[in-house]
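Participant: model this:
(2 chains)
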Amino acid sequence: MLPPGNMPAMAHDPIAFELFKNAIFSIADEMALTVFRTTYSGVLKDNMDYSTGFADGDGKLVAQGLTLPGHLGSVPTAMDAVMRHYRDDMRPGDVFIMNDPFDGGMHLPDIFVFKPLYHEGKRLAFACTVCHHTDVGGRVAGSNASDSTEIYAEGLRIAPLKLYEAGTLNKTLMTIIEKNVRLPVKVFGDLRAQLAACHIAEQQFADLVAKYGAGETTALMRETVDYAERLTRAALAKLPDGEWSFEDWIDDDGIDYGTPIRLYVTLRKKGDHMVVDWTGTNPQVKGAINNTLSFTKAASYTGIRSVLPPGIPNNEGVFRAIEVICPAGTVGNGVLPAACAARGLTGFRMTDCMFGALAMMLPDRVKAAGDGGNTGISIGGYDACRKPFIYVDFTCGAWGARPWADGLDGNSHMFANMASHSIEVTEAEEPIQLLAYEFVPDKAGAGKYRGGVPFKRDYRFLEDEAVLQVRADRRDHRPFGLYGGNPGGPSENYLNPQAENRILPGKFTMTIRRGDVFRHVLAGAGGWGDPLDRDPAAVLKDVRNELLSPQKAADDYGVIVDTARWAVDAAATARRREEIRRARNWEVVPKVQWQDPPKPEQKSVAAE
Amino acid sequence: MSTRYRVGVDIGGTFTDIVLLGADGTIHTKKISSSVGDYARAIVDGLSELFAETGLAGEAIEEIRHGTTVASNAILEHKGARVGLVTTKGFRDVLEIRTLRMPRLYDLAWEKPAPLVERYLRQVVDERVDARGRIERALDPRDAERAVDALLAEKVEAIAICLLNSFANPRHELMLKEVVERKAPGLKLSVSYEVLPEIKEYERTSTTVINAYVMPIVASYLRALRQGLDRAGIPARLLLMQSNGGLTSDRAAAERPMNIIESGPAGGVIGAQALARAKAVPKIITFDMGGTTAKASMVEDGEVTRASEYSVGAGIMIGSRLLTGAGYTLKVPAIDLAEVGAGGGSLVWIDGGGALQIGPESAGAVPGPVCYDKGGDTPTVTDANVVLGYINPAHLVGGALALNADKARRAFEDKVAKPLGLALDKAAYGAHQIAASNMIRAIKSISTERGRDPREFALFAFGGNGPLFACGMARSLGMRHVVVPPSAGLFSSFGLLYADVEHHYSRTFRRLLRQADLAEIERAWMALADQASAQLATEDFAADRMRLRRSAALHYQGQSYELTVPVPDGVIDARMIAHLEEAFGQEHEKTYGHRAGKDEPVELVSIQIVGQGLRQGSAIPERLKPSRAAPQPPPPRRAYFGEAGWLETPIVRRSDLASEQRGPFIIEEYDATCVVPPDAAASLDAAGNVVIALS
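Facilitator: Predicted coordinates for the structure are as follows:
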């Protein structure tokens, strides 16, 4: 609570304002609930890959509903495009639709639907929705392929267009969509969900205007944006001023194998303003992992929001205080004909890169690198009756260690917060069997707090033939550890691990046949702090739980575990730790580690 | 024979509420402090005190109905049993990996709830059943013995068994069960196929484990309670409230304690349902507000709405319906409640942007609101209500607790009104309204999620603070009627008296309707029906007092979510299948706004049965006779009503409302305070409810 006399300026009665703010965010949440209730596809329900929002009459975002972090900042960019095209060509009953990444969109599966809301002929607001659709055509089912090299292969591109004009449906556009997507029933079902959400917003907004009047409603929406800006600036002002840079690498784009892709960010913080500058980031690449600027903004905001206090509304006010720069033609701001369907990878990794930079600024508040965000695995083909099947699995789960706690084991990356599919439902519906879904020991980066433990997933294919496509990373460039913490172990891919155990690359497309088993092992997450400072009891617990082998406990932590009694041998541990300390001979604690520190000789342990 | 009484007992964190209802309508009530650590003691003591006050004896008690938080507390406080889990090789970590989803965005400090079984107590066996129930790799009996031996060597107190795809074929789980029973007779055992024969390995594993985790603690609690009642000379049978709103015998509760975890809040909702049926009010929203939280649920066409799964200990958050991942997943039908952290104790504060905020932090019982004068110095919602004149400024109703209204006023002045530059009354009224608006969001979420419009519902308010906020909230929501039941502050225990014995069973049974073997479906349902009848028989229901209702969860092939439709009695034949397809199509239209064409294949996903034990005679006498005489009400006082300002407001008793009275007035009762604002009118109905019409 602020002391009296130190109250920030509030243009309105603070109680009327709070009641209004509650009402307007309630509309955004109800839009989200409406999509959730009426959606046809599991993608939206399971993955929550959609967002809803509310903008003022000029298209400035006032409220975003409970939402995918990856969509932060997407609505303003899309709104700008609509306003650019239609500012003077808009009337009651219009509904806009768009997905073009080069004209306000993000990647083609994300379709935006906007409805302007009017009162007595004056435009006061917009209802906004964006949903990830099951399929928007293109060369690969699901429209998610990582190996397309131009946008034209990725599906139907919709510039900002009117889906309804003064209340009349644009049938031409609907027919074009219908004929260009693989599952029109699902796509139209989800478009209906988006329209239903806009409809709910329209009704509730009319109630709000009836209560407050048009002028007051507009003023209170503006106040809601100003309020978020004040909160953001007040929080930024408490962070140190200065400049911090961080560099990380994506292994490659799956087309130019072995050519790493640089991500480089500089944070410039002064007073109550922050600049996130991605200058120095790699030029755009051939593979479909190029971001739009809006997605790079989302990654930037997500990083910063994680060090700001909770409760700041998501709206234009936040974005006023945080400026994001990324030069056009880079992997963070692709231009035509950049392919971008699988840009999720770059978004996740830019978020991690933000954590790295923020950890330089705030050493005791930010986590080390996680597994790198989700791995995309798709298995698609046709069964004996020529019926298509497409199984898509996005999976991730190891959080980097934090300055106060271990990384989480089996928890979605913050940028996406997706849920896993049930194995039993997968087996009941797809020609796939899962043979394993469990933690893999000895891959978490050691540290005073260790990184999250990764898991493996083994998929056995049960049809005659299919195409397996995998988008993984963090094999050459491992998840970094911070302030003395070790990096996590690399990700791994294998074919038939019980037989030939062929090592597969990080990104590939191949044909598989009945009985083939594909194994993916996530990268382990990075550790935080000196492993020799880890509480031996915590090491013992990991050994007991078979997340850490006794050998690795001795090597990385210098902790000697008596596995017969489940106890730590304190004297041997003290000796071992001293040996490691001498051998590594740190003059300063390394801030960032990409490789394991060299190990001392093993002899003394073996002798005991 | 003298009057027979039924007893409703609800244990909360602070108070244990006891209601005795006689066949002649006599009501005796008692509110005493909960005996934390030995909850059974307060029940026995409370009953003994009531006997002393009324001259009743143990034989007068016909039945005790009980809602308890003993199981949920064990989970929240991690005080359950040391459980061992046996699962399929390759899937040791299903329980811990969960669904990967987290409930909070942008939160680096998020911690996953610790698994209820640590990894070293999770044993795997080398076996494999496929999705259709075919055994691909047979379980070697020696491997089964080894896994069980390993857990017994770790001195586990209970064992949970959950193998992959066991819903389709339980053979291996039953083998393991046999091994445990042979090696450790009497050890608490929870087998997934018996507990929840349904698809989705995480939900099934989590449910099976939770059941094992609370088995010992619930069993010993019920044993202690039974012994205490026996010692007090009360031989009456003991029934437990389940999360689904139905009652179960104490024996069945001890075997399936997973069914009684959300036992606490269910009683009030079931009571509301019964009154809605009696009054023929088709649509009500229940609103239960106490000291720390407020809960809302929906009753439509005389039926409570249920969720098929929920999270224990998920905490309180408005977005919990969209952001899952907190707490422990339990796939057991439960009354669907939306909960927000708003109660009388919720703190009133000003955020960094200069906006007034309420909760979710609470002053709790200690130090409590400022007006309790127990050291609390941060204003609370209750303090706002005292400043506004809604709550008796001298003492809490019933007189048990003296209040210091001046202190509440000073705290509000210094910490809220002055910093915001507002008059004291405006600031307090603002806090009251903002608390109401937080709760309004919860009510909107339960109705909008189902596509319902709250304006078509009546608001049924109970709990100590529910009737105080109800009228203002109803008006904001455009609702026209508020109903406040008798004993509103004790309604959670009173409501228990309205419940029926009820058991829910379901089983995954995936078949395309038009290609299914109908006789096979018939047999599967019969098996569930037999299970339900057998359970009811153990609870002394004769065949003619059992009611079995079937339902089916269906979807269009390829859809990932199901809709449930009732299945009428009769054989499963082609006509029945056609009926189900049509009923599903209609429900789809109602929920999603559209349905697929006639040729779209409909898939049966699971079959369900609810078995109900019907009682003889009516639940509640028509006329209720509270034994506690309402005291002479205090003189009128000034209360603040927003735009209408400060008004002289009479304080009345419920019995004064025999004829309609216009607001403003305040009804002060032993257990609750009801505020009727200006431009509202209230009267009593035949059942003793206060019915308020908002104009």
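
Participant: Mind listing the residues bridging to B:Leu247?
Facilitator: In this entry, B:Leu247 is beta-bridged to B:Met241, B:Val501, by DSSP bridges.

Participant: Quick one: residues contacting it.
Facilitator: The contact partners of B:Leu247, by CB atoms under 8 Å, 6 or more residues apart in numbering or on different chains, come to B:65, B:239-241, B:496, B:499-502. Bear in mind the C-beta positions are built from the backbone N, C-alpha and C, glycine included.

Participant: so can I have TSV of these showing pLDDT and neighbour count?
Facilitator: Below are the contacts of B:Leu247 laid out as TSV (pLDDT from 0 to 100; neighbours: other CB atoms under 10 Å in any protein chain shown):
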residue	pLDDT	neighbour count
B:Arg65	95	24
B:Leu239	96	24
B:Leu240	97	28
B:Met241	96	31
B:Leu496	93	30
B:Ala499	92	25
B:Asp500	92	16
B:Val501	94	23
B:Glu502	94	21
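
Participant: Between the residues you listed, which sits nearest chain A?
Facilitator: Chain A lies nearest to B:Glu502 out of the contacts of B:Leu247, by CB to the nearest CB, at 27.3 Å.

Participant: what about the spatially closest residue to that closest one that is not a sequence neighbour, how many neighbours?
Facilitator: Leaving aside its sequence neighbours, B:Glu502 sits nearest to B:Gly246 (CB to CB, 6 or more residues apart in numbering or on different chains; 2.3 Å). B:Gly246 sits with 23 neighbouring residues when counted by other CB atoms under 10 Å in any protein chain shown.

Participant: mind listing what B:Gly246 touches?
Facilitator: Residues near B:Gly246 by CB under 8 Å, 6+ apart: B:499-504, B:610, B:612.

Participant: Ramachandran angles for it?
Facilitator: phi -100, psi 160 (degrees, to the nearest 10).

Participant: Could you list the low-pLDDT ranges of the stretch 51-200 of chain A?
Facilitator: Where the stretch 51-200 of chain A drops to pLDDT under 70, the residues are A:66-67.

Participant: Output whichever strand or helix holds A:Val392 as CSV, nothing but the C-alphas.
Facilitator: A:Val392 belongs to strand A:388-395 when assigned by DSSP states H and E. Extracted in CSV, the C-alpha atoms of strand A:388-395 (Å, rounded to 0.1, in the frame of the first residue of the first chain):
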residue,chain,number,x,y,z
PRO,A,388,-5.9,-39.2,-43.9
PHE,A,389,-4.5,-39.2,-40.4
ILE,A,390,-2.3,-36.5,-38.8
TYR,A,391,-0.9,-36.8,-35.4
VAL,A,392,0.8,-33.7,-34.1
ASP,A,393,2.5,-33.6,-30.7
PHE,A,394,4.1,-30.5,-29.2
THR,A,395,6.0,-31.3,-26.0
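
Participant: chain center to the helix or strand that comes right after it, what's the gap?
Facilitator: Next along the chain after strand A:388-395, taking DSSP H and E as the criterion, comes helix A:423-429. Averaging C-alpha positions (CA atoms, centre = their mean, to the nearest Å) puts helix A:423-429 26 Å from its chain's average.

Participant: ok, now stretch B:262-278?
Facilitator: That offset, for stretch B:262-278, works out to 9 Å (CA atoms, centre = their mean).

Participant: next one: stretch B:324-341
Facilitator: With CA atoms, centre = their mean, you get 9 Å for stretch B:324-341.

Participant: Report how far apart the opening and closing residues of that stretch are.
Facilitator: 17 Å (CA to CA, to the nearest Å).

Participant: Can you point out the buried residues in the strand holding A:Val392?
Facilitator: A:389-395 (16 or more other CB atoms under 10 Å in any protein chain shown).

Participant: What is the nearest of these to chain B?
Facilitator: For those, the closest approach to chain B (CB to the nearest CB) belongs to A:Thr395, at 7.7 Å.

Participant: pretty sure that closest one is in contact with A:Val521, am I right?
Facilitator: No: counting by CB atoms under 8 Å, A:Thr395 sits too far from A:Val521 to count as a contact (11.0 Å).
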